[in-house]
Structure formats: C-alpha cells, structure tokens
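Undergrad: the following comprises the amino acid sequence and a computationally predicted model.
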Amino acid sequence: MSQPSIVTSTLRQSSPSAILTWVLGALSVFAPFSTDMYLSGFVDIAHDFDTDIASVQLTLSTFFFGLAVGQLFYGPIIDRYGRKKPLLFGIALFVVSSILIVWAPNIEVFIGLRLLQAIGGCSGMIISRAIIQDLYHEREAAKALSLMMVVQTVGPITAPVVGAYLLVLGGWQAVFYFLIGFGLVCALLTTHKVPESLPVEARQKQGIGEQLGVFKGFILNRRFIAPTLAGAMSNAVMFCFISGSPFVLMQLFGLSQQAYGWMFSATALGMVVTSQANRMLLKRFTAGSLFQASIVISLVASVALVLLRNTESLWLFMIPLAICVSMVPMVCANSMAIAMSQSGSGAGTASSLIGVTQFAMAGAVSALVGALHNGTSLPMCGMILACTLLAFIINRFSR
C-alpha cells in the first residue's frame, strides 16, 4: 500500500492571500452556476428541442454524474503533473462545451455536452483545495477554506436570481453565454493570479497501480477518512434543506414563492456569517476544536428541530433549522483542513476523495428525503438529525 509522503512546499505562506482565495472561491462555483441558473428554463429547452421534461432533467443528473467522475479523474492527474495546467485545461473544457451547448442540434447532444461541461467545471472544486493545502498549514488552510465557502455560498444564493433575469432577456441560451463569459474571466484570473503550487520535485511519479494504492492508503487512514466522512454528512444537511424546504415552507407553512426565496437567502446568509466567524475564531482556537464544537451545536439544533417539527410557528421552526444549515460551512471548512493536513504529496488524490464523498452523501440524502415524503416535515427534519448524528458518532469514535 502506497502512502503519500509529506512534502513541504517552498511556497508555504504564513497567512491566506485574500485575492488568491477569492479567485479559488470563484473557481468553485462552476457547479451551482451551471445547475441553479437554468432550472426555470426547462420548459423552454423541452420546447426548443421538441422533447419532454424528463429528457431535459437528464441534463441535470448527467451534470452531477460528471462532477463525480471528474473528481476521481483530476486527483491523480494534478499530483503527477502539477496544479495550474490541469486547472486551465478544465476551465477550457468547460468554456468549449458551454459554447457547443448553445448550438446543440438535439437533446442527446445537449446531454453529452453537459457531461463534458461538468468534468471541466469540477476542476476548480478539486484543484483549489489542493492549492490551499500546498500553500498553507492546517490553521491557515481552514481560514482560506472558510473564505472560499463564503464565495461558494453566494453562488447558490445569486444563481437562481441571475438566471431568472437572463432567461427573460435572452432565453436559456443566455444562461450558457453567461457561463462562457464567466469561464473566460476565470481563465484570465487563473493565468495571472494562481501560482503553480506543486514543485516538480514534489510531484508523484507512480504508475496506475501505485496511484490506486494511494487512494487505498487514504481510505484506510483514520485521521483522513473520519473528518472526511463527518464533513460529508454535515454537508448533506444543506442538501436535505434544499430538497425538503420548498414543500415544508411553501406547502406546510404557506409561504409564497417570493417569501420562500427571501427565507432561503436569509438562511444562506447565516452560512456566510458562520464562515466569517470561523475565520476569526481560528485566530484563537484550532481547527480540530472548532470542528468538534460545531458538530455538537449542529446535533443539539437538529434534535430541537425534530422536536419542534409540528409547531405552527414558522419562526420557532426556522431557528433550529437555520442553525443546522448555518453550521455546515464551519464543520466542512475545518473537517477539510484536518483531512487535507494528512494528504502530504497526494493532495490532489485526497481532494478528489473528499469531493466524491461529499457528492455521494449529498445525492443519497436528497433521494431519501424525496423517497420518504409523507406530507409532513419529518423526512427533511429526520434526515437532518440522522446526518448530524452520524457526523457526531464518526467524529466521536475516530477520536
């Protein structure tokens, strides 16, 4: 079994660069921009391609599949060939596939191009984490990841609003023109602001068999896999909220679409607040202590949420729900920093495993919230409690 060696980068920095972190954060929002912006245009896409909504929905599920495939693809590549060139390749693939989507002749080609678009777009998600691990030690990495999660949170908040305006102004094609422009800007920023953070002497030289051994080594490393799994379970809380909140808040509590949008944005704003708070708290506390404390807070809030699930007071219901969702960035940023501190020269492979785990958990809980639908808030609230409880148990036993 191959183990990644510990390599100290000569580019290590004492504190996170705000400009670099914002650029890396922008590279991480390709996914929400590519999914949330065009959702309300499904009917128009079906009409233009003379197909049904089910076929158009495949463009979304195919994109998520591409994200998972891409996560595994980039890990070994960036450990062997460096960070910057694969990152620029991914952005270029995203831009080219976005251009071709606009001119797709049928829905089948559209679906295939969405797969390529996802494989290209997920490069920023994977490589940005590896770059942060190259440049910063655990505490500084947690600060940088917290700032990145602020940017990542802004993506889901703004994407539906921006997408709605673009759909009115230029149809669904306008969304993909926007993505083309966004990709080009990111390519320019990457070229001039993102350094090659992995020196040639620190790059992996193994063959495929040895690289698979590195994957196995991380999976069997309790100090890596425990925070990775706990962070993935916490991240899944956000997807429980996304999947279940439209029915719970609009159908059960009677919110209008506009009021729901404001409530969703307010809850997401809480994630921005905790991300910033985490950065400040890291000046006094370790990532490990904040990780454990945030899991406990999430668990207490999720228990309260289940107990209050039948209340008629919206605000009484929203308080524990907002706390559960708001704690996600604090748990995830610190868990990723702890896990990535174990990566050594295999940071790319480690980052890909974190990404795959997060998307696998998120997809599973989203499906379960839908499958367990019974006309009440219990599926959403119960799954949130299950996720936080599992995160607590994993963290507790791993210690």
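TA: Everything's here; your move. Numbers count the residues shown, from 1 in each chain.
Undergrad: wouldn't L372 be in contact with M383 here?
TA: Yes. Counting by C-beta atoms under 8 Å, L372 does reach M383; the two are 7.5 Å apart. (Glycine included, C-beta is placed from N, CA and C.)
Undergrad: neighbour count for these two, which is higher?
TA: More crowded of L372 and M383, by other C-beta atoms under 10 Å: M383, with 24 against 14.
Undergrad: so for the more buried one, what's the pLDDT?
TA: What the model reports as pLDDT for M383 is 94.
Undergrad: count of residues packed around Q133?
TA: 29.
Undergrad: to clarify, my last question referred to S61.
TA: By other C-beta under 10 Å, neighbour count at S61 equals 12.
Undergrad: buried stuff in the helix or strand hosting it?
TA: Counting by DSSP states H and E, the element that carries S61 is helix 53-81. Buried residues in helix 53-81, counting neighbours by 16 or more other C-beta atoms under 10 Å, are found at 55-56, 58-60, 62-68, 70-81.
Undergrad: out of all of them, which helix in the protein is the longest?
TA: Of all the segments of type helix in the chain, defined by DSSP state H, the longest one is helix 138-170.
Undergrad: so how far is G344 from D36?
TA: 35 Å (C-beta to C-beta, to the nearest Å).
Undergrad: counting by contacts, list what the helix or strand hosting S289 packs against.
TA: Applying DSSP H and E as the criterion places S289 in helix 287-307. Using 3 or more C-beta pairs under 8 Å, 6 or more residues apart in numbering; DSSP states H and E, the elements in contact with helix 287-307 are helix 138-170, helix 222-245, helix 314-326, helix 328-340, helix 378-398.
Undergrad: so for M361, which of those sits nearest?
TA: helix 222-245 (4.3 Å; C-beta to C-beta).
Undergrad: who's in contact with the helix or strand just after that closest one?
TA: Per DSSP H and E, helix 222-245 leads on to helix 257-281 as the next helix or strand towards the C-terminus. Outside of helix 257-281, the residues within contact range by C-beta atoms under 8 Å, 6 or more residues apart in numbering are 142-143, 146-147, 149-150, 153-154, 156-157, 160-161, 238, 241, 245-246, 249-250, 255, 290, 318, 321-323, 325-330, 333-334.
Undergrad: for PyMOL, write a command that selects the buried ones of the residues you listed.
TA: Buried members of the contacts of helix 257-281, defined by 16+ other C-beta under 10 Å, are picked up in PyMOL with:
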select buried, resi 142+143+146+147+149+150+153+154+156+157+160+238+241+245+249+255+290+318+321+322+323+325+326+327+328+329+330+333+334
